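got a sequence here, can you model it:
(chains A and B)
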Amino acid sequence: MDINVKELKKNAFRYSKVRGETASRIRITGGKINAKVMRQVAEIAEEYGDGTIFITNRQGIELLGIPMEKMGEVNEKLQPIIDAMGTNQEERGKGYSASGTRNIVACPGEELCPFACYDTTAFARKVEHEIFPNNRHVKVAFTGCSNDCAKVRMDDFGIIGMTEPQYDPDRCIGCGQCVKYCEKRSVGALRLVNNKVVRDTDLCIGCGVCVTYCPTRAWTRSKERYFRLTLLGRTGKKNPRLAEDFIRWADEESITKIIKNAYAYVEEYIDPHAVEGKEHIGYIVDRTGFEEFYKWIMKDVQLPEKAEVSSHMYWGGKWYDRSNELK
Amino acid sequence: MGFVFSRDGFAEVIRQLGSRYRIYAPVLKKGEGRFTDTDVVRYDYVKNFDEIELEKRSDYSFKEILLPVSGTLFYFTEDKVTEPEMDDREILVFVRSCDLHAVKRFDQIYLHNGQERDWFYERVRDRLKFVLIGCRESFDDCFCVDMHTNESTDGYVFSVEEADGEIYSDLKEEGLRELFSGNSVREEDKAPAHVETNKIFVSVPDEVPVSICKDKVWDEYDSRCIGCGRCTLVCPTCTCFTMEDIYYSDNGKVGERRRVHASCMIDGYSNVAGGGEYRKKHGERMRFKVLHKISDFKKKFGYQMCVGCGRCDMVCPEYISFSECINKVDRAIRSAEDGKEAQA
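Numbering: from 1, shown residues only, chains lettered A, B, ... in the order given. Next up is the predicted model:
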């Protein structure tokens, strides 16, 4: 059997421990798929695989037990799914054109969730459209609010929805529920002064809990959508770490541009000897310094006036290459 | 006398009325609902007919015009008291039939409840006139028919409803005849539409025995209700307020007295000196509210307080239905009576 394994992997098939077998990796951008497309996925699993469907951590789907010689046929069958998801592709009928840039994760977002501050799936698809296909190993995740159900702080680029609470004192009865719920469910940025609410604008994380719990509509959401952008979280062997805040009160356009810009930086600075051309951006930044990364990603980015950018970026996490000791 | 208008024709009527009256009506506030990209319909000052939401029921009632959510009664300095400026114009308020019936409840409490008439209320009330919005269809949680508030034959200046791209109006005030006939397409008598049946039926008990206070019917609300008070804040017949004297922080001798909406469902309502709280449990608060609406008010004034607008059902974040609670109370009373008969 003669198979170009590197091509196989780029084509979104998996290298399996069972010789001659592979798995097909289907991208479900933002984790949302309609039932009709899901049935088509199930049909491929039954016709070409062993009937097992694996739901991945990044909201993708892997169809297990596919004989390698069936990859061409599977790719043809994937076409309606790729079309339905609107995934960019270099050549029709040939399956996915890359697998390095991972499936973009999103929480259910405003369509379902009372706390979500924006349409996570729509934003995920917009960014996917800008950056995919690409072989560089980049992880992007979207979460609707500061609860971070999508765990975006494990990703290279984490987008957290924010709203700027708008307060109408004439509709406020001073019931104190926003103060209570901000304290219990969020950060405690509100207090009552003379029976009206004062918001600590620096402490406020824009989660919108006050709006959700206000019984009179004294609190409402800002017409503008805002986002917190977190950078360069990762899992893995050497230095797993959580992402750090880069910008708060950012806008959709700037974030899209920043993520897109990161690819040029990777091309410039990636370790030329990286195995299979795969290196987490964070490790590249550890090498070049954040200032250089900043220069590349902020190219042509016009942040709105309200946006605040972190002046220094430091990450934590354990360096296993330096110490494997327990405390 | 009835008139039929084009939308433009009626818009002209509203425009001209706007110079004589301050007009308040349900307005759809885009994106101002609880959740992202959800709306709320509440009362606001309008200038154009297009601003008025005639389709949807308002989430919050007209009562905010009579009793501002948070209103300053007067400002005080060391020895002087000043009242806020007030617009002298008359006020037109667009309401549905249930709400028009609710006005009677408000007047009952603020004007005809003991010797004193509420001066601050009366000052606004005297300027108020109503426009009746006809109801061609019932909303999902309305129960106006069983509360006998589904129809209004008087108490309004004119009515308005939209059907087949035209506006129907029943004019009651002779003084507006010229304005109406001048802008209408034709004269045609149209009684305001009202619904004859709802999707929700309630059986309000004729007599509510004291024993219901101890019934287990209230227990489920101890855990289900979160005590947010939305049900009472949207209610067109809840009249409670609280008073606050506010002293400005940079000059403690100057301040204002405010009257703000209060709710028997919210923490603090039944607090007394010494740290006591009469109705701590949410089930007890529910009992107090429900029995006031369907029994206590009636004992004092001879008619039901609740008008069946259904707003409390719609707004409850915990899906507690007031109408269903009335039915649960009714069933509890009936089964207690059946038990007694069986024993006899």
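
can you tell me how far the closest residue to chain A within the stretch 51-200 of chain B is from B:Val131?
At 5.0 Å from chain A, B:Val69 is the closest residue in the stretch 51-200 of chain B, using C-beta to the nearest C-beta. Just so you know, the C-beta spots here come from the backbone N, C-alpha and C atoms, and that holds for glycine as well. Remark: distance between B:Val69 and B:Val131 (C-beta to C-beta, to the nearest Å) = 22 Å.

the longest helix seen in chain B close to chain A?
Longest helix of chain B, by residue count under DSSP state H: helix B:322-343. No: Helix B:322-343 does not reach chain A (C-beta under 8 Å from any C-beta of the partner chain); its nearest approach is 15.4 Å.

which parts of the stretch 1-150 of chain A sit against chain B?
A:110, A:114, A:116-119.

now the residue lying closest to B:Arg125 once chain neighbours are set aside: how far from B:Phe241?
Distance criterion C-beta to C-beta, 6 or more residues apart in numbering or on different chains; nearest residue to B:Arg125, sequence neighbours excluded, is B:Leu66 at 6.3 Å. Distance from B:Leu66 to B:Phe241, counting by C-beta to C-beta: 11 Å.

next one: B:Tyr75
18 Å.

more neighbours: which of those two?
Neighbours per residue, other C-beta atoms under 10 Å in any protein chain shown: of B:Tyr75 and B:Phe241, the larger number sits with B:Phe241, 22 against 16.

now the closest residue to the more buried one other than its chain neighbours, what's its secondary structure?
What sits nearest to B:Phe241 in space, not counting adjacent residues and going by C-beta to C-beta, 6+ apart, is B:Arg259, at 4.9 Å. Classification of B:Arg259 by DSSP: H, G, I helix; E, B strand; the rest coil places it in strand.

surely B:Arg259 meets B:Asp245?
No: contact criterion C-beta atoms under 8 Å: B:Arg259 and B:Asp245 do not qualify, at 10.9 Å.

these two: which is more packed in?
Taking other C-beta under 10 Å, B:Arg259 and B:Asp245 do not tie; B:Arg259 has more neighbours (19 against 11).

tell me the contacts of the more buried one?
B:67-68, B:70-71, B:73, B:120, B:241-244 (C-beta atoms under 8 Å, 6 or more residues apart in numbering or on different chains).

if we use 10 Å, what do you get?
B:67-73, B:118, B:120-121, B:241-244 (C-beta atoms under 10 Å, 6 or more residues apart in numbering or on different chains).

what of B:Lys289?
Each residue near B:Lys289 by C-beta under 10 Å, 6+ apart is listed here: B:221, B:225, B:229, B:231-232, B:235, B:238, B:263-265, B:279, B:312, B:322, B:325.

filter those residues down to the ones in helices?
B:221, B:231-232, B:312, B:322, B:325.

can you redo these as TSV with distance to A:Met38?
Output for the ones in helices among the contacts of B:Lys289, formatted as TSV (distance: C-beta to C-beta, whole Å):
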residue	distance to A:Met38
B:Tyr221	40
B:Cys231	40
B:Thr232	45
B:Cys312	40
B:Phe322	40
B:Cys325	41
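
what's the closest of those residues to B:Ala193?
Closest to B:Ala193 out of these is B:Cys312 (24.1 Å), distances taken as C-beta to C-beta.

neighbours of the closest residue to the closest one other than its chain neighbours, how many?
Leaving aside its chain neighbours, B:Cys312 sits nearest to B:Cys231 (3.7 Å; criterion: C-beta to C-beta, 6+ apart). Residues lying near B:Cys231 (other C-beta under 10 Å) number 25.
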